[in-house]
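Colleague: I would like the atomic coordinates for the input below:
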Amino acid sequence: MDAKLGTIACVGLLSALAFVPSLAWEISHARLYTMWREADGLRIAWNILHCSLGDVLIALAAFALAGLALWRVDWPISRPWTGGAIAVLGAVGFTAWSELHNVYHTGAWGYTSEMPMIYGVGLSPLLQWLVVPAVMVLAYRAARYHRSQ
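Modeller: Here you go, the predicted structure:
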């Protein structure tokens, strides 16, 4: 992202910026999945952590996709709206596929009746990917601004 930041430092920063809102989101919408009713506390905690770490990978892939599409590693600074839109589309697209695959094909998880749906996909995981990339871009820009001060 920033030529002054090393690649590893940049990936670490983006991972942290993805993990925090993803963890909060996973905790807040866990009750919309059947595992909440079927598992004990330790299993629920593991599932939330596991899903949050998976969310970090989705976010990193979406940010890399935006960087490749724009040919700019610094897109959160130079082209936040365009890069953000690409990251959102990539993350929402992958999440829609993943939810459909894991709920209906593999049965890896399921929705409760409280999960709002859109075309058979849970709305909460889709909304997550409208929010998390925006939070990441804003936090990255703020961190860069404070570093330059």
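Colleague: quick check: which ranges of this structure have low pLDDT?
Modeller: Applying pLDDT under 70 to the chain flags the ranges 1-5, 146-149.
Colleague: show me the strands in it, by range?
Modeller: Counting by DSSP state E, the chain has strands at residues 117-118, 121-122.
Colleague: and Leu17, which of those strands is closest to it?
Modeller: Across these, the minimum distance to Leu17, taken as C-beta to C-beta, is reached by strand 121-122, at 23.7 Å. C-beta coordinates here come from the backbone N, C-alpha and C atoms, glycine included.
Colleague: packing partners of that closest one?
Modeller: Applying 3 or more C-beta pairs under 8 Å, 6 or more residues apart in numbering; DSSP states H and E, one finds that strand 121-122 makes contact with helix 80-100.
Colleague: just checking, what packs against the helix it packs on?
Modeller: Against helix 80-100 (3+ C-beta pairs under 8 Å, 6+ apart) you get helix 41-70, helix 75-78, strand 121-122, helix 123-148.
Colleague: nearest to Ile86, of the ones you listed?
Modeller: Of all the helices and strands packed on helix 80-100, helix 41-70 comes closest under C-beta to C-beta, at 4.1 Å.
Colleague: which residue sits closest to Ile58, ignoring its sequence neighbours?
Modeller: Ala91 (5.4 Å; C-beta to C-beta, 6 or more residues apart in numbering).
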